[in-house]
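In: quick one: sequence and predicted model below, then my questions.
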Amino acid sequence: MAVVKEKIPLEFHRMSRAEQHACLDNFLSRLHFRREVKSFSKSEIPIEIIKNAIKAAGTSPSGANQQPWSFVLVSDPKVKTQIINEVRSETPTLVQAPYIVVLLKQKYGQEKDVSGKTVKVKHYYPNESVGICGGFFITALNQAGLHYNLHKPVKLLSSILQRSEKEEPFMVFSIGIADEWEDKKHHNLQDFVSFDFKEESREFEISAVPSHKSGPALSSADYYNSIKKRRNIRDFSQEEIPAPLFTKSFGALYSSPFSDSYRFAVISNEETKALIREKAEEEEKKFYEEKITNEWRDVLKPLGTNWEKAHLTDAPYLIIGFKVNNDIDHDLSYWDKNRPIVSSGVNTGILMSALHHANLCMLTHTPSPMMFLRDLLHRPKNEVPIVVIPVGYPADQCQVPNINKKPLRDILTTFTESEGEPS
């Protein structure tokens with residue numbers, strides 16, 4: 001039986017306005033435009049850089065902190081060949097890349113019951129959680145000056161990588177230093193992000209676009225030490241956030257490999273936030289008192305949550321993330337069927353990483369159920385809300401649950417030439 005964890009003070013260093021902008025600008029300068037690597041160079045990359053990027057990805061938020069992901073890092077030529085043959089990529093980059101990384105979703109967890117028997121543990125919001133984790137990983141690669149291509153995951157990768165039945169491939173990356181690349185046309189963010197306030201002057205424009213050329217790479221260890229300080233908080237100050245700082249953070253989305261299947265709606269209007277809170281608390285009170293299973297109640301206990309959602313009105317901004325479903329097509333591939341949740345999750349992870357480096361705090365909140373948000377905000381029928389992200393500064397004396405992230409050894413398996421076997 002899970003118990004409520006003690007709470008500890010939030011470690012938060014408040015920056016000046018100038019420091020916030022400088023920190024965010026430095027972060028944005030190390031992102032890459034959306035691009036496809038045409039060929040990788042033969043530059044050697046220390047494996048520790050990749051491992052630190054995976055550690056950074058492991059700091060991502062997840063439903064009830066279940067962290068339903070694992071990574072496989074491959075440099076062994078024999079295993080790479082098996083992956084290449086199965087993925088059947090038309091590009092040479094899987095062959096050239098010094099590393100292949102497969103991000104897997106854990107469909108369920110496992111634990112011992114009181115009798116010592118291994119039992120399944122349901123994972124909550126695993127698709128959303130692993131998608132956001134993928135966004136954290138992509139951002140960490142960018143910050144370390146690395147390049148990647150995405151490849152379609154296929155289910156037989158689980159067999160090649162000796163994974164259990166509880167896992168399935170979610171994203172496949174070829175990673176290295178690009179020798180040449182093709183910049184993809186970046187989308188107009190105004191078509192994908194809507195604000196409920198008018199952009200009446202340049203100070204509200206999304207103007208911070210990552211450079212074609214990489215900025216100076218940040219040590220992967222330094223980036224991990226920066227992003228690991230991010231914590232979900234529930235106690236927000238009502239202090240306003242400067243709009244130019246907030247909207248500039250969305251420039252990070254130009255670095256996303258996905259320019260479809262996602263939308264963000266930004267809410268600052270107090271009346272709208274109050275309506276969202278009222279409806280969310282109505283649904284969640286019903287959920288906590290009538291619908292919640294004992295299993296789900298036990299999973300949530302360490303977080304100390306309840307049906308009251310003051311953060312929905314205290315935080316100056318709410319970001320509602322939506323996935324955009326494709327037309328129903330039973331012939332869609334495994335990858336294409338999952339693309340909306342992968343795209344929306346990855347973009348959420350990239351955006352959250354930017355907001356953290358603007359010295360802002362967040363919460364990944366998933367009201368149960370969530371569909372009322374689509375109707376309340378008059379969104380199209382093919383848009384499905386996946387997350388609500390309150391954004392602001394922490395309240396004085398803000399505390400957070402004393403919970404931890406899994407160590408690298410629990411989320412990473414490696415296949416290297418020197419090892420010959422997974423470790």
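Out: Good, I have the coordinates.

In: let me know the helix or strand that the residue sitting nearest the centre point of the chain is in.
Out: With distances taken as C-alpha atoms, centre = their mean, residue 132 lies nearest the centre of the chain, 1.8 Å away. Assessed by DSSP states H and E, residue 132 sits inside helix 126-143.

In: ok now that helix, how far from the chain's centre?
Out: A distance of 4 Å separates the centroid of the chain from that of helix 126-143, by C-alpha atoms, centre = their mean, to the nearest Å.

In: quick one: strands adjacent to the helix or strand just after it?
Out: As assigned by DSSP H and E, the chain's next helix or strand after helix 126-143 is strand 147-151. If you go by DSSP bridges, strand 147-151 pairs up with strand 167-176 (antiparallel).

In: now the strand it pairs with against helix 126-143, angle please.
Out: 10 degrees (axes from the mean of the first three to the mean of the last three C-alpha atoms, to 10 degrees).

In: next one: strand 167-176 to chain centre, how far?
Out: 15 Å.

In: where do the strands of the stretch 251-400 of the chain begin and end?
Out: 262-267, 317-324, 361-362, 383-392, 399-401 (DSSP state E, counting those that start in this stretch).

In: what is the least confident helix or strand in the chain?
Out: helix 294-300 (a mean of 65; mean pLDDT, DSSP states H and E).

In: distance of residue 71 from residue 174?
Out: Look at residue 71 and residue 174: by C-beta to C-beta, to the nearest Å, they are 14 Å apart. The way it works is simple: take the backbone N, C-alpha and C, and place the C-beta from them, glycine included.

In: any chance of the strands of the stretch 251-400 of the chain in JSON lines, plus distance to residue 181, mean pLDDT and mean neighbour count?
Out: Listed next are the strands of the stretch 251-400 of the chain as JSON lines, based on distance: least, C-beta to C-beta, whole Å; pLDDT from 0 to 100; neighbours: other C-beta atoms under 10 Å:
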{"stretch": "strand 262-267", "distance to residue 181": "23", "mean pLDDT": "97", "mean neighbour count": "22"}
{"stretch": "strand 317-324", "distance to residue 181": "27", "mean pLDDT": "97", "mean neighbour count": "24"}
{"stretch": "strand 361-362", "distance to residue 181": "31", "mean pLDDT": "98", "mean neighbour count": "24"}
{"stretch": "strand 383-392", "distance to residue 181": "30", "mean pLDDT": "97", "mean neighbour count": "23"}
{"stretch": "strand 399-401", "distance to residue 181": "40", "mean pLDDT": "91", "mean neighbour count": "18"}
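
In: contact partners for residue 326?
Out: 261, 332, 336, 337, 339, 340 (C-beta atoms under 8 Å, 6 or more residues apart in numbering).

In: please identify the buried residues of the host helix or strand of residue 79?
Out: Assigned by DSSP H and E, residue 79 belongs to helix 77-87. Within helix 77-87, the residues that count as buried by 16 or more other C-beta atoms under 10 Å are 79, 80, 82, 83, 84, 86, 87.

In: stretch 26-43 now?
Out: 27, 28, 30, 31, 32, 33, 34, 35, 36, 37, 40.

In: got it, and stretch 263-280?
Out: Buried residues in stretch 263-280, counting neighbours by 16+ other C-beta under 10 Å, are found at 263, 264, 265, 266, 267, 268, 273, 275, 276, 277, 279, 280.

In: same deal with stretch 400-411?
Out: For stretch 400-411, by 16+ other C-beta under 10 Å, it's 400, 401, 411.

In: dump these into TSV; add distance to residue 372 as well.
Out: Below are the buried residues of stretch 400-411 laid out as TSV (distance: C-beta to C-beta, whole Å):
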residue	distance to residue 372
400	28
401	27
411	34
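
In: which residues does residue 263 bridge with?
Out: residue 322.

In: average pLDDT across the host helix or strand of residue 225?
Out: In this structure, residue 225 is located in helix 220-227 according to DSSP H and E. The average pLDDT within helix 220-227 is 94.

In: for residue 197, the count of nearby residues, please.
Out: For residue 197, the count of nearby residues is 13 (other C-beta atoms under 10 Å).
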